[in-house]
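Engineer: Test case, fold it:
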Amino acid sequence: MSEPLLRVERLQVGFKTPRGPVTAVDGVSFSLNRGDVLGIIGESGSGKSVTMQAILRILPEKRTTISGAIRLEGIDVLSLNARALSKYRGGDVSMIFQEPALSLDPVFTIGQQIAETVRRHMGCDNTVARQRALEMLERVKIPSARSRMDAYPHEMSGGMRQRAMIALALSCSPKLLLADEPTTALDATVQIQIILLLRELQLELGMATMFVTHDVGVAAEVSDQIAVMYAGRIVEFGTASQVLKAPLHPYTKGLLASTVHGGLAKSRVYAIPGMPPDLQNLPSGCSFAPRCGSATEACHLAPPPLGEMPGGRQVACIHAGVATP
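Structural biologist: Numbers count the residues shown, from 1 in each chain. Below is the predicted model of the structure:
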């Protein structure tokens, strides 16, 4: 079996805050093969975005501590110096952020921003870089791409800005694409267009992709594998079919049961009781136990490990498979 493109081992990310240290990601491990899509789902504050920011090494160094290992093609990402990081970000790994209006520079045109990235990572002149920028805008299906080259971000709609952000992220043919809830700020119709476009480009270019979302439907549409995160840990991991059709962890079951779909007309939508835990004051046992209808006394003794299950899937629950809700 070939070596995975990305391997993350025991990743732990902590932040210094006025209230004291907070562990936002706690012992996360997974691998991602070339050409595969890993969807990461969970409530806000579960550590999804922080995990991706740690992989890209864009967290503020002065108030962040990172331990464990992140390896891309066997290279230790956490040991890269500033020069190597400059090549790594945008060249080997690119990221699509939640809100393109905040990610694109308002004082430069779309074409200038893409061309600058191409020149930096591909070492070509401005003419070649602008031609590459035009090709990418056409590839993400922006209408009148040539004229949009000279448009500023504020002159484009939210959907067009997100397409431009995708063109920017893919302009240097990265090996790994990180998509951090790229459809959150868009209306439903545009969301579907962007999701389908990302999946089409991912298959066409053969990129490995990590797709963070709180929308189970989006995860089902784009993912080959799914990791479910809660309170900074992965609580379930498997193929998209395994996790979505036969979830084992009570939290995963709760997420799926609370998803709105057409079959719920005139019926009550299930809601997971309680609130996500305070990361500075986690319960002594399973972090989900205070909200879990299947919790027993044993669940409050120690955090359950992410154990192997039949079919190659993983789940962190001592009552894996117990039916809730």
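Engineer: Can you show me the strands along this structure?
Structural biologist: When assigned using DSSP state E, the strands of the chain occupy the ranges 6-17, 20-32, 37-41, 64-72, 75-76, 93-96, 176-180, 208-212, 225-230, 233-239, 307-308, 314-315.
Engineer: which of the ones you listed has the lowest average pLDDT?
Structural biologist: When mean pLDDT is averaged over each of the strands of the chain, strand 307-308 scores lowest at a mean of 90.
Engineer: and Gly45, how far is that from Cys172?
Structural biologist: Using Cβ to Cβ, to the nearest Å, Gly45 is found at 32 Å from Cys172. Glycine gets a C-beta too; all of them are placed from N, C-alpha and C.
Engineer: circling back: could you redo the strands of the chain as JSON lines and give each row distance to Pro247 and mean neighbour count?
Structural biologist: Shown next, in JSON lines, are the strands of the chain (distance: least, Cβ to Cβ, whole Å; neighbours: other Cβ atoms under 10 Å):
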{"stretch": "strand 6-17", "distance to Pro247": "22", "mean neighbour count": "17"}
{"stretch": "strand 20-32", "distance to Pro247": "18", "mean neighbour count": "18"}
{"stretch": "strand 37-41", "distance to Pro247": "11", "mean neighbour count": "26"}
{"stretch": "strand 64-72", "distance to Pro247": "27", "mean neighbour count": "16"}
{"stretch": "strand 75-76", "distance to Pro247": "34", "mean neighbour count": "11"}
{"stretch": "strand 93-96", "distance to Pro247": "27", "mean neighbour count": "23"}
{"stretch": "strand 176-180", "distance to Pro247": "23", "mean neighbour count": "24"}
{"stretch": "strand 208-212", "distance to Pro247": "18", "mean neighbour count": "26"}
{"stretch": "strand 225-230", "distance to Pro247": "8", "mean neighbour count": "25"}
{"stretch": "strand 233-239", "distance to Pro247": "7", "mean neighbour count": "24"}
{"stretch": "strand 307-308", "distance to Pro247": "15", "mean neighbour count": "12"}
{"stretch": "strand 314-315", "distance to Pro247": "9", "mean neighbour count": "23"}
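Engineer: In a markdown table: these, plus distance to Lys245.
Structural biologist: Formatted as a markdown table, the strands of the chain follow (distance: least, Cβ to Cβ, whole Å):
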| stretch | distance to Lys245 |
| --- | --- |
| strand 6-17 | 26 |
| strand 20-32 | 20 |
| strand 37-41 | 14 |
| strand 64-72 | 31 |
| strand 75-76 | 36 |
| strand 93-96 | 28 |
| strand 176-180 | 23 |
| strand 208-212 | 19 |
| strand 225-230 | 11 |
| strand 233-239 | 9 |
| strand 307-308 | 19 |
| strand 314-315 | 14 |
